[in-house]
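# 3D model of this:
(2 chains)
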There are 2 protein chains.
Amino acid sequence: MAVPLEFYFDFASPYGYLASLQIDAIAANHGRTVAWRPFMLGAAFKATGQTPLPDQPMRGPYHRRDFARSARRFGAPFRMPAPFPFIALAPSRAFYWLEGRDPAMAKRYATAVYNRVFGEGRSVGDPATAAEAGAAIGIDPAALTAAIQDPVNKEKLKQMTDQAIARGVFGSPFIFVDGEPFWGHDRLPQIEEWLARGGW
Amino acid sequence: MAVPLEFYFDFASPYGYLASLQIDAIAANHGRTVAWRPFMLGAAFKATGQTPLPDQPMRGPYHRRDFARSARRFGAPFRMPAPFPFIALAPSRAFYWLEGRDPAMAKRYATAVYNRVFGEGRSVGDPATAAEAGAAIGIDPAALTAAIQDPVNKEKLKQMTDQAIARGVFGSPFIFVDGEPFWGHDRLPQIEEWLARGGW
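Numbering: from 1, shown residues only, chains lettered A, B, ... in the order given. A predicted model of the protein is given here:
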């Protein structure tokens, strides 16, 4: 059986959100599944010297326009969350906790978080909002809040982030197809073609 | 008559080279022309704090792979030039000198320079190589070398670069379609769609 595509993203990444709306369908068109992998993009930025796009001179205004234009292009809702950027530790830890129990639920949770952040424009940067996002899809808020504080889940996220950086992941989204790295929402057409042709 | 698309690029930019191979055909499909606009990307980097991609930690190795992969995808020759990066003052000044006399020749010159740089892997960073690239398509090397040193042409390139930065151009390629900004070779499909739909 083919290995899943690996979809690395940060919950505070607009292009990660846009990719999250399409990646499963692209993979399914080619009989493939996707492993979702939230990680802490800020840790990668320390390695590359980059900073969040929206606040950079020149690049920030362009990308804010491009986020909205790219979303509009395929009819996705898009709002910049406030505050922004935010540190997505809480929902990322919650994701891995859920994944250990019910991978399908973990993906539903990630979808709910992204919808809240960039569909509705509400940051999910603390345990209370991370629990709220889960409660909306039937996850017990007390259990989720406890999981966010659990050293086991903290360590899991740290490991996944370290592993991502060790593999060269420096942005969001960052997708591996059978080991081939693709960075950026705008690489989705190439990923489709890579899957169809088996590379080139 | 519709205004030309404006195609800003730096002669040392791999993605600018890839865009140069496609942009005229994309525009022509929609009855449009393209004004080619070399500028000094390094000056924009001073404003944004960016540095040339290939030498950045993590991002460099990825992009070197992506340059070649993106070229291979549509059958374009690609070699990284040595030395790299280089400062493309000489061919950029020569371009504007030529454009003032014969715009079609200026575009042929730009194509010859890009082919030499990323098709053959030979930097065009000094007046001698800039003249060589011109001589190959019938431009008098002595006249081109003199033009590169002419304060009028130096000033013209400076003005075009200042104007680009004032308009928000921070990368290469950077393309305006009726004022709408698109950054990156990977935005060409969006540009095609923008032209076809008249925006969205």
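# and chain A, which of its residues are near chain B?
A:44, A:47-50, A:56-59, A:61-62, A:65-66, A:69-70, A:72-73, A:165, A:168, A:170-171, A:181, A:183-184, A:186-187, A:189-190, A:193, A:200 (Cβ under 8 Å from any Cβ of the partner chain). The C-beta positions use only the backbone N, C-alpha and C, and glycine is treated the same way.
# Can you list which of these are found in strands?
If you go by DSSP state E, the residues of chain A next to chain B have A:181, A:183 in strands.
# Which of the residues of chain A next to chain B fall in helices?
A:44, A:47-48, A:59, A:61-62, A:65-66, A:69-70, A:72-73, A:165, A:189-190, A:193 (DSSP state H).
# between the least confident helix or strand in chain A by mean pLDDT and helix B:59-73, how big is the angle?
Ranking every helix and strand in chain A by mean pLDDT, DSSP states H and E puts helix A:41-48 at the bottom, with a mean of 94. If you take axes from the mean of the first three to the mean of the last three Cα atoms, to 10 degrees, helix A:41-48 sits at 100 degrees to helix B:59-73.
# returning to that earlier point: could I have the buried ones of the residues of chain A next to chain B as PyMOL selection syntax?
Burial among these is assessed by 16 or more other Cβ atoms under 10 Å in any protein chain shown; the matching PyMOL selection reads:
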select buried, chain A and resi 44+50+56+58+59+62+66+69+70+165+168+170+171+181+183+184+186+187+190
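# Could I get the buried residue list for stretch A:24-31?
A:24, A:26-27.
# Tabulate these (CSV), appending distance to residue B:94, pLDDT and secondary structure.
Shown next, in CSV, are these (distance: Cβ to Cβ, whole Å; pLDDT from 0 to 100; DSSP: H, G, I helix; E, B strand; the rest coil):
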residue, distance to residue B:94, pLDDT, secondary structure
A:24, 50, 98, helix
A:26, 44, 98, helix
A:27, 48, 98, helix
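# which one of those residues sits closest to residue B:102?
residue A:26 (46.6 Å; Cβ to Cβ).
# Does the closest one touch residue A:190 like I think?
No: with contact defined as Cβ atoms under 8 Å, residue A:26 does not reach residue A:190; the gap is 10.7 Å.
# For the nearest residue to residue A:171 once chain neighbours are set aside, name its beta-bridge partners.
Counting by Cβ to Cβ, 6 or more residues apart in numbering or on different chains, residue A:171 lies nearest to residue A:183, which is 5.0 Å off, once chain neighbours are set aside. Judged by DSSP bridges, the bridge partners of residue A:183 are residue A:174.
# Distance-wise, check residue A:183 relative to residue A:158.
Residue A:183 sits 22 Å away from residue A:158, going by Cβ to Cβ, to the nearest Å.
# do residue A:73 as well
From residue A:73 to residue A:158 the distance is 36 Å (Cβ to Cβ).
# quick one: pLDDT of residue A:189?
For residue A:189, the pLDDT comes out at 95.
# OK, contacts around it?
residue B:189 (Cβ atoms under 8 Å, 6 or more residues apart in numbering or on different chains).
# and if you look at residue A:44?
Residue A:44 sits next to A:50, A:161, A:164-165, A:169-171, B:58 when contact means Cβ under 8 Å, 6+ apart.
# how close does it get to residue A:110?
Counting by Cβ to Cβ, the gap from residue A:44 to residue A:110 is 19 Å.
# Just confirm residue A:185 contacts residue A:20, I think it does.
No: contact between residue A:185 and residue A:20 fails when scored by Cβ under 8 Å: they sit 9.5 Å apart.
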